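Student: Below is the sequence, then the predicted model.
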Amino acid sequence: MRELMGIPEGYSVLFMQGGASGQFSAIPQNLTAPGDTVDIVNTGSWSKKAIAEAKKYVSVNVVADEKASNYSTVPDAAALAQTPGAAYFHYTANETIGGVEFDYVPDVDAPLICDMSSTIMSRPIDVSKFGLIYAGAQKNLGPAGITVVIVRDDLMGKARPETPSVWDYAQMAAADSMLNTPPTLALYLLNLTLKWVKKNGGLEGMAARNQAKAAKLYEAIDNSDFYSNPVAPNARSWMNVPFLVADPSLEKEFVSSAADAGLTN
């Protein structure tokens, strides 16, 4: 993973459990103290969950909320109203359900935290821009059961005293991600996936594949008089492409027919 992503020195790579949802709690437990404020961008369903969990521990400033567009857009980079002295700035690179993806990396003063579950391994990423990247494995890395946390070393060792040991980044790093019994089969399969990525052109190869696949899907949808995509062109995801049908009354029939064909979720 260090080789493929070009992860620089000064970062630890942790293999944890609990999914990205677990990190919604672990991040404020590790990176904040009572009374702190954090900045979070709300671009849809996963952002909302991150906000709800963070509010249990700190004050949350929603620096941008894309509700007005029904979460079909990302905020303009210049419109991100940062909080002076915020403990961190969090955003979701790709909203898996809404098909909305940032086309830029926010340039902020606070440590930049990113839920990269759908984006990791899909293209080259400059890890040095981030304080912490986390990703559930089940999108691009392997089966569910592992969450990858790439954390800058200077952000570790500050966990709240009540933080469970298995959520404490410093303790997990010291134990080589084996503070508790690791999910060995999932780790094995993740390693096979990384070897496949390396064999198939690395992250540059993945970017070319993903751009080509997304372009085919969007072209088919855009050229149709029956299907449509609700996402703003600059925010269209490479990784998941939602579509609507022309007549909303046909949606239930569409889903039912898809299920009959074995196409579910």
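Tutor: Cool, got the structure. Numbering: from 1, shown residues only.
Student: residue boundaries of the strands in this protein?
Tutor: Using DSSP state E, the strands found in the chain span residues 11-16, 37-42, 59-65, 89-92, 94-95, 100-101, 112-115, 132-136, 147-152, 227-228, 244-245.
Student: out of these, which comes closest to Lys158?
Tutor: Counting by Cβ to Cβ, Lys158 lies closest to strand 147-152 out of the strands of the chain; the figure is 11.2 Å. C-beta here means a position set from N, CA and C on the backbone, and glycine is covered the same way.
Student: Could you list the paired strands of that closest one along with their orientation?
Tutor: strand 11-16 (antiparallel), strand 132-136 (antiparallel) (DSSP bridges).
Student: rewinding a little: could I get the strands of the chain as CSV with mean pLDDT and mean neighbour count?
Tutor: CSV is the format used below for those (pLDDT from 0 to 100; neighbours: other Cβ atoms under 10 Å):
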stretch, mean pLDDT, mean neighbour count
strand 11-16, 98, 20
strand 37-42, 98, 22
strand 59-65, 96, 18
strand 89-92, 98, 27
strand 94-95, 96, 27
strand 100-101, 97, 26
strand 112-115, 98, 25
strand 132-136, 97, 25
strand 147-152, 98, 23
strand 227-228, 94, 14
strand 244-245, 92, 14
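Student: sorry, back to before: the strands paired with strand 147-152: which one's closest to Arg152?
Tutor: Nearest to Arg152, of all these, is strand 11-16, at 5.6 Å by Cβ to Cβ.
Student: got the contact list for that closest one?
Tutor: Residues from elsewhere that reach strand 11-16, judged by Cβ atoms under 8 Å, 6 or more residues apart in numbering: 1-2, 7, 22-23, 26, 127, 146-153, 156, 166-167, 169, 172-173, 177, 182, 187, 190.
Student: gap between the helix ranked longest in the chain and the chain center?
Tutor: Counting residues, the longest helix found in the chain (DSSP state H) is helix 202-222. Chain-centre distance of helix 202-222: 19 Å, with Cα atoms, centre = their mean, to the nearest Å.
Student: what does stretch 2-21 give?
Tutor: With Cα atoms, centre = their mean, you get 13 Å for stretch 2-21.
Student: Dump the strands paired with strand 147-152 to a markdown table, plus distance to Glu101.
Tutor: Formatted as a markdown table, those follow (distance: least, Cβ to Cβ, whole Å):
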| stretch | distance to Glu101 |
| --- | --- |
| strand 11-16 | 23 |
| strand 132-136 | 14 |
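Student: so which of these gets nearest Gln82?
Tutor: With Cβ to Cβ as the measure, strand 132-136 is the member of these nearest Gln82 (17.1 Å).
Student: Identify the residues contacting that closest one?
Tutor: 19-20, 23, 27, 31, 88, 111-117, 119-120, 125, 127, 141, 144, 146-152, 155.
Student: I'd assumed Val166 was in contact with Asn180.
Tutor: Yes. Using Cβ atoms under 8 Å, Asn180 is in contact with Val166, at 5.4 Å.
Student: With neighbour numbers in mind, choose between those two.
Tutor: Per other Cβ atoms under 10 Å, whichever of Asn180 and Val166 has more neighbours is Val166, with 15 against 12.
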